[in-house]
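[1] one predicted model, sequence on top.
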Amino acid sequence: MTTSAHLSPEQLRTLFLFEKLSDEQLDWLAERGRAEQRPAGSVVYGEGEPATCFFVLLSGAIALSRVLHGDDVEVNRTDQRGVYSGATRAYLGNRVEQRYPHTLRAVTDTEFFVLPADDFAHAVRTWFPMALHLLDGLFFGTRAANAIVSERERLLALASLSAGLTHELNNPAAAAVRATAALRERVAGMRHKLALIADGRLDGTELHRLVELQDDAVQQASTATGLPALAAADAEDAVGGWLDEHGVTEAWELAPTLVAADIDVPWLTSAADTIGEDNLGPTVRWLAYTVDTELLMGEIEDAVTRISGLVGAAKQYAQLDRAPQQTVDVHTLLDATLTMLQAKIPSGVQVVKEYAHALPPIPAFGAELNQVWTNLIVNAVDAMPDGGTLTIRTWREDARLLVEVADTGTGIPAEIRPRIFEPFFTTKPVGEGTGLGLDISYRIVVNKHHGDIRVSSQPGDTRFQVCLPIEQQPEDS
C-alpha cells in the first residue's frame with residue numbers, strides 16, 4: 001500500500017542531492033514532491049514502463065534489476081539515504097524515449113521522495129542551464145561517438161574480411177587463367193599432331209582404334225588419384241625408359257604427363273600393339289596432349305568450384321538477398337564465417353569443429369550472428385599468437401541452442417573479466433582494437449535474439465558460450 005505526505009524544505013535539505021539549493025528552490029520542490037512509503041517486496045516501478053517519476057530514497061533498502069534471458073538479474077542493492085533513480089533523463093524531453101531502464105524493488109519497507117518527471121525536468125532546465133548544456137553534450141555526444149566508432153568497427157571488420165576474401169579468390173582465379181592459357185596451347189598442339197597422324201597414314205579402322213585409345217586415356221586421366229612423390233618419380237623413370245627404347249623423342253617431357261594420368265608401361269605396350277611402331281611417336285605425343293588437356297580442364301574446374309564456394313560463403317556470411325530475420329542453420333553460418341576468416345587464421349592454429357548432429361534451425365538475424373562468430377573467433381585467434389587450438393562446439397540444452405568458441409590461449413585475467421563486455425574496453429594495444437567487438441556481440445545476442453552470452457577462462461582454456469532460443473521469442477520479452 002502506498003501512502004504519501006509532503007516534506008518540509010528543511011527535510012529536503014538533509015538529502016545530499018538538494019543540500020546546495022536555495023530556500024526558494026526547496027520550497028518549490030516541497031510543494032510539488034511528496035513522500036511515499038512502499039512495503040517490503042513491492043515493485044516501485046518496472047523496466048520498460050513509461051518513466052513518470054523521479055525517486056530519492058529516504059529510508060529502507062532497494063534493489064535494481066534488469067531482465068536477462070527471461071530472468072531478473074540484480075545489478076545493484078543499496079540502503080544509502082539520498083540515492084536516486086527513475087526518470088533521470090526527463091530533462092532530455094522527447095528527444096529520447098522516456099522509459100524506466102530497469103526495475104526498482106523495495107527490499108525492506110521504504111520511503112521515497114517522489115517528484116513528477118515533468119517537474120524534475122523543469123527544475124534541471126531552469127536551475128542548472130550550464131549543467132544542462134553539459135549533460136546534453138555528454139549524452140548525445142557519447143551516443144553519436146558510439147555510433148561512429150561502432151560503424152568504424154564494422155567497416156574495419158568488413159575491410160579485413162574483404163582483403164582476406166580477395167586473397168583467397170586470387171589464388172584460384174590466377175590458377176584458372178594459367179590453366180586456360182596452357183589449355184589453348186595443348187589444344188592447338190593436339191590438332192597439329194592429329195593432322196600428322198591422319199595425313200594418309202591411317203585408314204578408317206586404324207583411326208577409329210586411335211580415337212578409342214584417346215577415350216581410354218581420357219578415362220585414365222579423369223580417375224587418376226595421383227602417386228606419392230617417390231612412387232611418381234619411379235613411374236616416370238620407367239615410362240621414360242620405355243619411350244626411349246621405342247624411339248620416342250623428348251621422353252623426359254612426356255613421362256610426367258602420362259604418369260599423372262596413371263598411364264604406365266603396360267598401357268603403353270598395349271597402345272603400341274594397337275597402333276603399330278611406325279606411328280608410335282606422333283601418337284604418344286597426341287595422347288599426351290589429350291591427357292594434359294584433361295588435367296588442365298580438371299584444374300580449371302577445381303579453381304572455378306573454389307571461386308564459386310568462396311562467393312557462396314560470402315553471400316551466406318553477408319546474408320545477401322535474404323530477409324533480416326529468417327530460419328537459419330547455425331552450422332551453415334559458422335562454416336561461412338570460418339571460410340571468410342580463413343586468411344586471418346594462422347597456420348599454427350588448428351581449427352576443430354565439434355558439431356552436434358540434428359540441431360534444429362532457429363529463427364535469427366543471420367548476418368548479425370555471423371558478426372558475433374567473427375568477433376569471438378578473431379579474439380580467440382588473437383589470444384594464441386604462438387599457435388594453439390580453436391574449437392567450435394554446438395549442442396542443445398532443452399529449448400536453447402548453444403555455440404561455444406574455445407581457445408587454448410593466455411586466458412582472460414579474473415580482475416578484468418567483469419569488464420570485457422563494456423563498450424570501448426579492450427586489452428589490445430592502442431590502435432589495434434576499439435573495444436566494441438564484445439559489446440556489439442552482447443547486444444546482438446541478448447537484446448536482439450533474447451539469448452545469453454557467457455565466458456569462462458583460465459590459462460589454456462577460454463570459452464565463450466552463446467545461448468540462443470530455439471523458438472522465436474515475443475518482442476516484449
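    Cool, the structure landed.

[2] where do the helices sit along the protein?
    9-13, 23-32, 117-127, 129-197, 204-222, 229-245, 251-260, 265-275, 280-318, 330-340, 366-382, 437-442 (DSSP state H).

[3] mean pLDDT lowest for which of those?
    If you rank the helices of the chain by mean pLDDT, helix 129-197 sits at the bottom with a mean of 64.

[4] contact partners for Leu401?
    If a contact means C-beta atoms under 8 Å, 6 or more residues apart in numbering, then Leu401 has 330, 359-360, 362, 394-395, 467-470 as its contacts. C-beta here means a position set from N, CA and C on the backbone, and glycine is covered the same way.

[5] can you say which of those residues are buried?
    Among the contacts of Leu401, those buried by neighbour count (16 or more other C-beta atoms under 10 Å) are 330, 359, 362, 394, 467-469.

[6] now, those residues that are in strands?
    Applying DSSP state E to the buried ones among the contacts of Leu401, the entries found in strands are 362, 394, 467-469.

[7] which member of the residues you listed is positioned nearest Met297?
    Met297 lies nearest to Thr394 out of these, by C-beta to C-beta, at 38.6 Å.

[8] who's that closest one bridged to?
    On the basis of DSSP bridges, Thr394 is bridged to Val403.

[9] isn't it right next to Thr332, touching?
    No. Between Thr394 and Thr332 there is no contact, the gap being 11.5 Å when judged by C-beta atoms under 8 Å.

[10] so what's in contact with those two at the same time?
    The contact sets of Thr394 and Thr332 do not overlap (C-beta under 8 Å, 6+ apart).

[11] re the thing from before, now the ones in strands among the buried ones among the contacts of Leu401 in TSV, with distance to Val378 and pLDDT?
    Listed next are these as TSV, based on distance: C-beta to C-beta, whole Å; pLDDT from 0 to 100:
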residue	distance to Val378	pLDDT
Ile362	23	90
Thr394	19	95
Cys467	21	93
Leu468	20	92
Pro469	25	91
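
[12] okay, among those, which ones form the most distant pair?
    Within these, Thr394 and Pro469 form the most distant pair, 14.7 Å apart (C-beta to C-beta).

[13] what is the end-to-end distance of stretch 405-422?
    Length of stretch 405-422, first residue to last, C-alpha to C-alpha, to the nearest Å: 20 Å.

[14] same question, stretch 346-365
    Taking C-alpha to C-alpha, the first and last residues of stretch 346-365 lie 29 Å apart.

[15] again with stretch 106-120
    One end of stretch 106-120 to the other measures 22 Å (C-alpha to C-alpha).

[16] flag every buried residue along that stretch.
    Buried positions in stretch 106-120, judged by neighbour count with 16+ other C-beta under 10 Å: 106, 110-117, 119-120.

[17] separation between the closest residue to Tyr91 other than its chain neighbours and Asn76?
    In space, and not counting its chain neighbours, Tyr91 is closest to Val124: 4.1 Å by C-beta to C-beta, 6 or more residues apart in numbering. Going from Val124 to Asn76 by C-beta to C-beta, to the nearest Å gives 23 Å.

[18] show me which of these two is the more surrounded one.
    Between Val124 and Asn76, counted using other C-beta atoms under 10 Å, the more crowded position is Val124 (18 against 12).

[19] what separation is there between that one and Met130?
    The value you get for Val124 to Met130, if C-beta to C-beta is used, is 11 Å.

[20] how distant is stretch 374-390 from the center of its chain?
    13 Å (C-alpha atoms, centre = their mean, to the nearest Å).

[21] contacting residues around that stretch?
    The set of residues external to stretch 374-390 that reach it, using C-beta under 8 Å, 6+ apart, is 157, 161, 337-338, 340-341, 344-346, 348-352, 392, 405-411, 428, 437-438, 440-441, 462, 464, 466.

[22] show me how to select, in PyMOL, the buried members of these.
    Here is the PyMOL selection string for the buried members of the contacts of stretch 374-390, based on 16+ other C-beta under 10 Å:
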select buried, resi 157+161+337+338+340+341+344+345+349+392+405+406+407+408+409+410+411+437+438+440+441+462+464+466
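
[23] spatially nearest residue to Ala176, not counting backbone neighbours?
    Nearest non-adjacent residue to Ala176 (C-beta to C-beta, 6+ apart): Ala303, at 3.9 Å.

[24] now do the contacts for that neighbour.
    Shown in contact with Ala303 (C-beta under 8 Å, 6+ apart): 172-173, 175-176, 179.

[25] save those residues as a markdown table, and put in distance to Arg417 and neighbour count too.
    Shown next, in a markdown table, are these (distance: C-beta to C-beta, whole Å; neighbours: other C-beta atoms under 10 Å):
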| residue | distance to Arg417 | neighbour count |
| --- | --- | --- |
| Pro172 | 42 | 20 |
| Ala173 | 44 | 16 |
| Ala175 | 46 | 17 |
| Ala176 | 48 | 19 |
| Ala179 | 52 | 20 |
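
[26] quick check: closest non-adjacent residue to Glu294.
    Once flanking residues are discounted, Glu294 sits nearest to Ala221: 4.1 Å by C-beta to C-beta, 6+ apart.

[27] next one: Ile300
    Excluding the flanking residues, the one nearest Ile300 by C-beta to C-beta, 6+ apart is Ala179, at 4.8 Å.
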